[in-house]
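In: what would the 3D arrangement of this be:
(one chain, ligands or ions: 1)
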Amino acid sequence: MNENQEDQYLQIQNAARLGGGQGRIDKQHAAGKLTARERIGKLLDPGTFIETGLYVSHRSSGFGMEDKRYATDGVITGWGKINGHRVYVFAQDFTILGGSLGEAHGRKIAQLMDLAYQNGAPLIGINDSGGARIQEGVDSLAAYGEIFYRNTRASGVTPQISLIMGPCAGGAVYSPGITDFVFMLDQNAFMFITGPEVIKAVTHEEVTFETLGGAVMHSEKSGVAHFTAPDEEALFNQLRWLLSYLPPNNLTPPPVIPATDDPQRLTPELKTIVPDEQNQPYDMHGVIEVLVDDGEFLEVQPGYAQNILVGFGRLDGHPVGWIANQPGFLAGVLDIDAADKSARFIRFCDAFHIPLVTLVDTPGFLPGSDQEHDGIIRHGAKLIYAYAEATVPKLAIILRKAYGGAYIVMSSKHLRSDYNLAWPQAEIAVMGPEGAVKIIFRNEIKTAEDPGAAAQERARQYREEFANPYLAASRGYVDDIILPRESRLRLIAALESLLDKRQNTPPRKHGNIPL
Ligand code: HXC
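Out: Model prediction:
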């Protein structure tokens with residue numbers, strides 16, 4: 001190599017690393033965003049990034065595209081490590097043609113996805129893009145299609161995670177939409193199929209980027225986003241936390257760490273956290289935090305369908321997926337959104353061998369014509385399906401109420417939960433005492449001298465007879481009745497016995513989950 005060749009090499013390298021140029025980098029910084037290259041530098045363990053396709057650029061012409069050729073073609077791709085574990089990562093570079101996706105840009109992402117899939121490692125996509133590169137027409141659309149195909153192929157094989165750190169518009173949203181977890185920045189991040197301008201032109205509705213597709217909307221209303229963060233560093237920290245629970249692929253067990261909390265620890269606090277009074281609300285977070293190792297619980301979708309909690313926490317070093325009714329929000333009823341949220345979480349855990357623990361305290365399904373018209377039957381069925389189909393170890397504790405359909409749905413033994421416990425105050429019945437007596441003693445109560453007192457007396461009898469865990473235990477529907485303080489050690493003992501669980505499923509192409 002002569003000096004000219006070395007100079008040329010360095011010149012090309014330096015130009016490539018400048019993306020769309022200093023002016024556009026300054027603009028990106030002024031908008032409060034890091035560049036794609038800076039983001040990769042902050043996310044990965046130092047010195048671990050190996051870049052692919054630095055020299056790739058587009059080959060389109062027309063619309064002045066001949067003069068807009070940049071190395072990377074607006075997406076940085078490669079692999080590196082996070083906490084010592086290999087991940088494949090792409091970061092769209094908004095400084096180059098607005099991070100828009102054309103043929104070459106899309107091919108780079110697709111090739112990276114192939115590598116992640118073949119090598120069994122998580123894929124992390126940093127999205128910051130104006131969507132399909134308009135000048136490249138159908139080639140852009142084709143490239144998206146190739147990505148969507150690969151997202152679907154890798155679903156349940158390697159974890160796929162999308163970070164929305166800028167615009168994500170048009171068909172671009174569907175790759176994140178297929179991935180397992182979507183992170184969004186509180187500011188600067190938007191996801192929508194059609195933007196405010198198009199909406200105004202078509203329907204005359206005026207909406208802002210924020211209300212249409214910002215982080216608050218997607219984390220509280222649409223359920224598209226699983227995590228939000230106030231800034232880029234916080235988002236990366238949350239991602240690292242999530243990855244600490246996940247295996248790299250479906251053939252590798254989830255990462256067990258040496259126990260950091262006493263597996264024999266008693267949990268007497270639970271007796272006071274959960275009120276005796278059946279209808280008194282409380283915060284289920286408090287229960288989970290007492291049960292998991294070191295109180296560490298990573299909640300997934302905390303702002304969406306808050307009547308059910310899902311998330312990751314360890315038991316004696318083993319990652320566990322937790323599903324828990326939340327009596328502190330809408331009394332912990334099951335509704336359409338709660339069913340969707342928990343069913344998807346259960347299926348993720350099952351795909352990646354993460355055992356499930358369910359904490360039951362729910363009055364049942366939410367009554368109302370809105371729910372019926374919007375398809376609670378179809379959505380509630382997803383939750384049944386997800387529990388029934390999951391073959392990972394499944395444990396449950398009934399803390400207080402398990403009424404009606406909710407008793408069956410919430411990881412009952414009838415859906416092949418492996419080991420179910422109940423506290424002494426658990427009420428397992430077709431419905432709550434007050435509702436039940438109004439139906440079965442309607443005439444008697446109506447004609448009583450004091451209908452109120454008659455109803456109360458019948459409710460007391462009903463509670464004594466039915467609303468307890470002993471009848472269910474006598475049928476073998478509950479494996480044991482335990483005191484609240486024994487909850488953690490009993491869960492750990494049961495989990496330990498189930499770690500080598502094998503359960504075969506019938507040969508079939510795939511089931512048909514009600515979508
Ligand atoms: C080509 C694009 C582009 C695109 C942005 N740019 N989006 N170039 N194709 N889709 C270019 C701009 O022309 C500009 O170039 C540079 O990127 C920065 O964009 P600005 O508009 O100046 O930035 P900003 O004001 O921050 O606005 C960002 C934005 C806006 C909100 C993303 O650019 C925008 O609305 N873009 C279009 C979004 C959209 O509707 N996409 C959907 C496409 S259809 P210069 O050279 O001036 O700096 C689609 C369907 C795919 O995606 C279906 C797949 C199945």
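In: smallest gap between the stretch 401-515 of the chain and the ligand, at which residue?
Out: Distances between the stretch 401-515 of the chain and the ligand by C-beta to the nearest ligand atom are smallest at Leu515, namely 19.7 Å. In short, each C-beta sits where N, CA and C put it, glycine included.
In: and that residue, what's its pLDDT?
Out: On pLDDT, Leu515 comes in at 95.
In: count the neighbours of Asp370 for me.
Out: 11 (other C-beta atoms under 10 Å).
In: could you give the average pLDDT over the one helix or strand it maps to?
Out: Following DSSP states H and E, one finds Asp370 within helix 369-373. Mean pLDDT, helix 369-373: 96.
In: how far off centre is that helix?
Out: Centre-to-centre, helix 369-373 and its host chain are 25 Å apart (C-alpha atoms, centre = their mean, to the nearest Å).
In: which elements pack onto it?
Out: Of the remaining helices and strands, none touches helix 369-373 by 3 or more C-beta pairs under 8 Å, 6 or more residues apart in numbering; DSSP states H and E.
In: can you pull the buried residues of that helix?
Out: Gln371 (16 or more other C-beta atoms under 10 Å).
In: what does stretch 434-446 give?
Out: For stretch 434-446, using 16+ other C-beta under 10 Å, the buried residues are 435-437, 441, 445.
In: on the three-state scheme, the nearest residue to Ala31 once chain neighbours are set aside is what?
Out: Setting aside the residues directly before and after it, Ala31 is nearest to Asn188 in space (C-beta to C-beta, 6 or more residues apart in numbering), at 6.4 Å. The three-state assignment at Asn188 reads coil, by DSSP: H, G, I helix; E, B strand; the rest coil.
In: relative to Lys446, how far out is Asn188?
Out: As defined by C-beta to C-beta, to the nearest Å, Asn188 lies at a distance of 62 Å from Lys446.
In: ok, Leu242 next?
Out: 56 Å.
In: what's the burial count for the residue in the stretch 201-350 of the chain that the ligand sits nearest to?
Out: Proximity of the stretch 201-350 of the chain to the ligand (C-beta to the nearest ligand atom) peaks at Phe209, 7.2 Å away. For Phe209, the tally of surrounding residues (other C-beta under 10 Å) stands at 16.
In: ok, it - contacts?
Out: 190, 192, 195-196 (C-beta atoms under 8 Å, 6 or more residues apart in numbering).
In: what residues does the protein have near the ligand?
Out: Residues of the chain found near the ligand (C-beta under 6 Å from any ligand atom) are 97-98, 100, 130-135, 141, 144, 167, 169-172, 195.
In: make it 8 Å
Out: The chain comes close to the ligand at residues 20, 24, 31, 68, 94, 97-101, 129-135, 140-141, 144-145, 148, 166-167, 169-172, 174, 190, 194-195, 197-198, 209, as judged by C-beta under 8 Å from any ligand atom.
In: kindly supply the PyMOL command isolating those of the residues you listed that are buried.
Out: Per 16+ other C-beta under 10 Å, the buried members of these correspond to this PyMOL selection:
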select buried, resi 20+24+94+97+98+99+100+101+129+130+131+132+133+135+140+144+166+167+169+170+171+172+174+190+195+209
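In: so which of the residues of the chain next to the ligand sit within strands?
Out: Mapping the residues of the chain next to the ligand onto strands (DSSP state E) picks out 129, 166-167, 169, 190.
In: of these, which one scores lowest on pLDDT?
Out: Ala169 (91).
In: so what's the residue of the stretch 401-515 of the chain closest to the ligand up against?
Out: With C-beta under 8 Å, 6+ apart, Leu515 has these contacts: 378, 382.
In: neighbours around the closest residue to Asp93 other than its chain neighbours, how many?
Out: Of all residues not flanking Asp93 in the chain, Ala36 sits nearest, at 4.0 Å (C-beta to C-beta, 6+ apart). Ala36 has 26 neighbours, counted by other C-beta under 10 Å.
In: same thing with Gly295?
Out: 12.
In: check the one 5 residues further on too.
Out: The burial metric for Val300, expressed as a neighbour count using other C-beta under 10 Å, is 21.
In: quick one: mean pLDDT over stretch 94-112.
Out: Model confidence over stretch 94-112, given as mean pLDDT, is 97.
In: between the two ends of that stretch, how far is it?
Out: With C-alpha to C-alpha, to the nearest Å as the measure, stretch 94-112 spans 19 Å from end to end.
In: before we move on, what about stretch 342-359?
Out: The first-to-last residue distance of stretch 342-359 comes to 12 Å (C-alpha to C-alpha).
In: try stretch 72-86
Out: Counting by C-alpha to C-alpha, you get 22 Å between the two ends of stretch 72-86.
In: off-centre distance for that stretch?
Out: Counting by C-alpha atoms, centre = their mean, stretch 72-86 comes out at 22 Å from the chain centroid.
In: let me see the backbone angles for Gly130.
Out: Phi and psi for Gly130, reported as degrees, to the nearest 10, are phi -80, psi 0.
In: right, and it touches Gly98 too?
Out: Yes: counting by C-beta atoms under 8 Å, Gly130 touches Gly98, with 3.7 Å between them.
In: name the residues of stretch 279-298 that are buried.
Out: By neighbour count on 16+ other C-beta under 10 Å, the buried set for stretch 279-298 is 282, 284-293, 297-298.
In: I should have written stretch 77-95 there, sorry.
Out: Within stretch 77-95, the residues scored as buried using 16+ other C-beta under 10 Å are 77-82, 85, 87-95.
In: can you map out the helices along the stretch 1-150 of the chain?
Out: 3-17, 22-30, 36-43, 103-119, 137-154 (DSSP state H, counting those that start in this stretch).
In: what's the second one in contact with?
Out: Going back to what we said before, that points to helix 22-30. Applying C-beta under 8 Å, 6+ apart, the contact partners of helix 22-30 are 18-19, 34-35, 94-96.
In: what angle do that helix and helix 36-43 make?
Out: Put simply, helix 22-30 runs at 50 degrees to helix 36-43, going by axes from the mean of the first three to the mean of the last three C-alpha atoms, to 10 degrees.
In: and helix 22-30, how far out from the chain's middle?
Out: When C-alpha coordinates are averaged (C-alpha atoms, centre = their mean), helix 22-30 and its chain have centres 33 Å apart.
In: got the contact list for the residue nearest to Asp93?
Out: Going by C-beta under 8 Å, 6+ apart, Ala36 touches 19, 75-76, 91-95, 99, 126, 128.
In: in which helix or strand would I find Asn279?
Out: For Asn279, there is no host helix or strand (DSSP H and E).
In: tell me the pLDDT of it.
Out: pLDDT, Asn279: 89.
In: now Met184: how far from Asp276?
Out: To Asp276, Met184 is 40 Å away according to C-beta to C-beta.
In: which of the buried residues of stretch 434-446 has the weakest pLDDT?
Out: Gly435 (84).
In: can you name the element that comes right after the helix or strand hosting that one?
Out: Here Gly435, judged by DSSP H and E, is contained in helix 433-440. Using DSSP H and E, the helix or strand that follows helix 433-440 in sequence is helix 442-447.
In: so what does that next one touch, helix or strand wise?
Out: helix 451-465.
In: ok, residues contacting the helix it packs on?
Out: Here helix 451-465 makes contact (C-beta under 8 Å, 6+ apart) with 427, 429, 433-434, 436-438, 441, 444-445, 448.
In: Asp316: which of these is nearest?
Out: Asp316 has its nearest neighbour among those in Glu427, at 30.0 Å by C-beta to C-beta.
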